[in-house]
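# got a predicted structure here, sequence first:
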Amino acid sequence: MPARTDVRRRLTLTLTGFGALTVIVMLLAPLVGSTSISLSRVFDRSIPFSDNVDAQVFFVARLPRVIAAALVGAGFALSGVVFQGLLRNPLASPDTLGVAAGATLGAMLALTAHADFTIFGIGVVPLTSFAGTIGALAIVMAIAFARRRGTSSTVLLLAGIAIGALLAAAGRFIQYFADVTDTFKTVQWLMGSLDVGSYAPIVASLVPFGIACAGFVTLPRVLDLISLGDAAAEARGVDVVRMERIALVSASLSTGAAVSLGGPVYFVGIIVPHIVRLIVGADHRLVLPASALFGASFLIVCDLIARTIVAPVEMPVGIITAIIGGPFFLWLLFRGR
Amino acid sequence: MLEARNVAFGYTRGSRILDDVSVSIAPGSVVGLIGPNGSGKTTLLRLLNGTLTPLAGRVSLDGAALSTMRRLEVAKRIAVVPQETQVTFDFTVLEIVLMGRYAHLGAFAIEGPDDVAIARKAMASTGTAPLESRQFATLSGGEKQRVVIASAIAQSSGILLLDEPTTALDIGYQFEIASLLSSLNRERKTTMVVSTHDLNLAAMLCSELVLLKAGRVLAVGPTKDVLTTGNIRRLYDVDADVVFHPRAGHLTVVPVARAD
């Protein structure tokens, strides 16, 4: 089977396929909505922008949302791949290490305190949920690093569960004393929304996403080797302790940025890597970029459905990801058996 | 020359798994590590490839301390075959073998045709070529072990450390692995350190033995000198006959009774 040997060829094929899917989805998604617009009018340079309603709807109302969906989908999918590989656990997801509870607590504090200000156009809830994510992971990593020279995946997992439970309890404590409106706002936030409103939050999220991506590009082969076990990876030349740190920091930043932009739609991060593995195999050099592209496309489509299916009412995107993703994954799993 | 000099190691404060152990592995030799469960064989192997750092003493490769070398440099010189290999995701056999090439790849870690050729040759020499596109997880214990050995061969390092490579295998596979290892040593001059509970395998394969008991070296020397009834009694509290077997062409050990 020569098809499985040439990584370069398979990589080109994978990137072309998933890349084309992402580009098509990104171009078509902004065309769909309550006002119908045409792609040719959107890019018609002869009409000034101030008079071109189609272009305004495309660039101002819909494109930011599509870009946000792409970033959030890619961010969760990438950190899902990295957590699954690093913890050698196919059930790991971006929220395995107590991140969900940290992000929720951060958002809840801001919502309950009625804090309402923006920094560089970023709302307070995205900021506090990002801080909550990074804070939770920092505590978990500090515990795991203090315990040993390196990190053991079991220690990391257990520390994550313990810290997650603690932060969730703190969240429930706040919620218990909050009034009903605030609690409802929190619940709404928990279901995720990609209605970012402008390009400012997107631009801001590019900083953590950018740093995370610089880490991710060093990881694919390392994750392949770590899936054989830490000792085996070390014997083949991987500096496991150093690479684990790079992996954890990158995945945390990516998770934090995604949560603050789109809310906790972690399901993308567990399901997309598995769907991609069923298509391209286990090699992380293919899985990592393919997951980013497929995660982006998947969340754009889910958000498209969320904002159109019961229009003018909007469904929370978190509900759609599970309704579409769950059965799709099961179909892939049982296909051909 | 791979050398451990007066090394000590313990996983927790106060307890020593290994104490004052010295071994030198000459190029081209096959050295057996034998000793009861918990005598420190696996720990010594991990010290010898630098994945553990000794609390005292030093491990050196051609004079350079292993602890100062980068993992990539060590991996180009020393490969390891662990007791057992579990894989989390569905990698194929060829993909597993190609992972041995990691230390030789460039920044983007993509193998070229040369790497695939080296991997295929390693699979041919371990009889795993027909398994190339099988999922690693679906193989039998013996097949897995031979694939992992192929992956270690593909690492193209002159030294191979094997931790009980035949423990999980039936006698057919045990024999196959043993002859594979001795042909590797003959044809490629691969230096080997093999930890094992199988004294007959040690007798067949190893030119030298290191006898470990409770973290200390009980005896070290050429196999024919140290594989004796007296040493086996001291090592395992077992009364055994050690006889030269003319058809096998090496010493054989027949355990007779628990020594009291």
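Noted; the coordinates are in hand.
# shouldn't A:L332 be in contact with A:V276?
No: shown here, A:L332 and A:V276 do not form a contact pair, counting by CB atoms under 8 Å, at 10.1 Å. Where you see a C-beta, it was placed from the backbone N, CA and C, and this is true even at glycine.
# so which of the two has more stuff around it?
Between A:L332 and A:V276, counting by other CB atoms under 10 Å in any protein chain shown, A:V276 is the more crowded of the two (26 against 15).
# A:M26: how many residues sit nearby?
Here the number of neighbours of A:M26 (other CB under 10 Å) works out to 17.
# setting aside sequence neighbours, what's the nearest residue to it?
Taking CB to CB, 6 or more residues apart in numbering or on different chains as the measure, A:M26 lies nearest to A:V66, with 5.8 Å between them; neighbours along the chain are not counted.
# just to check, that neighbour is in contact with A:I300?
Yes: assessed by CB under 8 Å, A:V66 is found in contact with A:I300 at 5.6 Å.
# between the two, which contacts overlap?
Contact with both A:V66 and A:I300 is made by residues A:M26, A:A29, according to CB atoms under 8 Å, 6 or more residues apart in numbering or on different chains.
# who has more neighbours out of those two?
Of the pair A:V66 and A:I300, A:I300 is the one with more neighbours under other CB under 10 Å, namely 25 against 22.
# how much space between that one and A:I24?
10 Å (CB to CB, to the nearest Å).
# would A:R277 count as being in a strand?
No: secondary structure of A:R277, determined by DSSP: H, G, I helix; E, B strand; the rest coil: helix, with no strand assignment.
# quick check, it in contact with A:L286.
No: A:R277 sits out of contact with A:L286 when judged by CB under 8 Å, with a separation of 9.1 Å.
# residue of chain A with the smallest distance to chain B?
Nearest residue of chain A to chain B (CB to the nearest CB) works out as A:G237 at 3.2 Å.
# next up, the contacts around A:L63.
Neighbour list for A:L63: A:P30 [criterion: CB under 8 Å, 6+ apart].
# before we move on, the earlier item: what's around the residue of chain A closest to chain B, how many residues?
Using other CB under 10 Å, A:G237 is surrounded by 25 other residues.
# for it, which non-adjacent residue is closest in space?
Counting by CB to CB, 6+ apart, B:A75 is the residue found nearest to A:G237 once chain neighbours are left out, at 3.2 Å.
# and what of B:V81?
Leaving aside its chain neighbours, B:V81 sits nearest to B:L162 (4.4 Å; criterion: CB to CB, 6+ apart).
# can you list contacts of the helix or strand containing the one you found?
With the criterion set as DSSP states H and E, the secondary-structure element containing B:L162 is strand B:159-163. Surrounding strand B:159-163, the residues in contact under the criterion CB under 8 Å, 6+ apart are B:2, B:25, B:41-42, B:45, B:48-49, B:77-83, B:149, B:152-153, B:181, B:184, B:190-195.
# and these, which are buried?
Among these, those classed as buried by neighbour count (16 or more other CB atoms under 10 Å in any protein chain shown) are B:2, B:25, B:41-42, B:45, B:48-49, B:77-82, B:149, B:152-153, B:181, B:184, B:190-195.
# chain B: strands as residue ranges?
Ranges of strands within chain B are B:2-9, B:18-25, B:30-34, B:56-61, B:64-65, B:78-81, B:159-163, B:191-195, B:208-213, B:216-222, B:238-245, B:250-258, based on DSSP state E.
# repeat that for the stretch 1-150 of chain A.
If you assign secondary structure with DSSP state E, counting those that start in this stretch, the strands in the stretch 1-150 of chain A sit at A:118-119, A:122-123.
# looking at the ones you listed, which one is packed in the most?
Looking across the strands of the stretch 1-150 of chain A with neighbours counted as mean count of other CB atoms under 10 Å in any protein chain shown, the highest average goes to strand A:122-123: a mean of 19.
# how far does that strand sit from its chain's centre?
19 Å (CA atoms, centre = their mean, to the nearest Å).
# tell me which strands that strand pairs with, and in which orientation.
strand A:118-119 (antiparallel) (DSSP bridges).
# what residue in chain B comes nearest to chain A?
Ranked by CB to the nearest CB, the top residue of chain B for proximity to chain A is B:A75, at 3.2 Å.
# ok now do A:I174, which residues does it touch?
A:I174 sits next to A:L105, A:M108, A:L109, A:T112 when contact means CB under 8 Å, 6+ apart.
# I'd like those as TSV, with pLDDT appended.
Compiled in TSV, the contacts of A:I174 are given as follows (pLDDT from 0 to 100):
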residue	pLDDT
A:L105	91
A:M108	87
A:L109	88
A:T112	84
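# and which of the residues you listed is nearest B:C206?
Each of the contacts of A:I174 was scored against B:C206 by CB to CB, and A:L105 proved nearest at 59.8 Å.
# ok, the closest residue to the closest one other than its chain neighbours - contacts?
Of all residues beyond its chain neighbours, the one nearest A:L105 is A:G171 (4.6 Å), with distances taken as CB to CB, 6+ apart. Taking CB under 8 Å, 6+ apart as the definition of contact, the neighbours of A:G171 are A:A101, A:T104, A:L105, A:M108.
# hmm, A:F173 and the third one touching each other?
No: here A:L105 does not reach A:F173: they are 9.8 Å apart, not a contact under CB under 8 Å.
# of the two, who's got more company?
When A:L105 and A:F173 are compared on other CB under 10 Å, the one with more neighbours turns out to be A:L105, at 27 against 11.
# least confident secondary structure element in chain B?
The weakest-scoring helix or strand in chain B, judged by mean pLDDT, DSSP states H and E, is helix B:171-188 (a mean of 88).
# relative to helix B:171-188, how tilted is the strand holding B:L162?
Taking axes from the mean of the first three to the mean of the last three CA atoms, to 10 degrees, one finds that strand B:159-163 is oriented at 170 degrees with respect to helix B:171-188.
# no further queries at this time; thank you.
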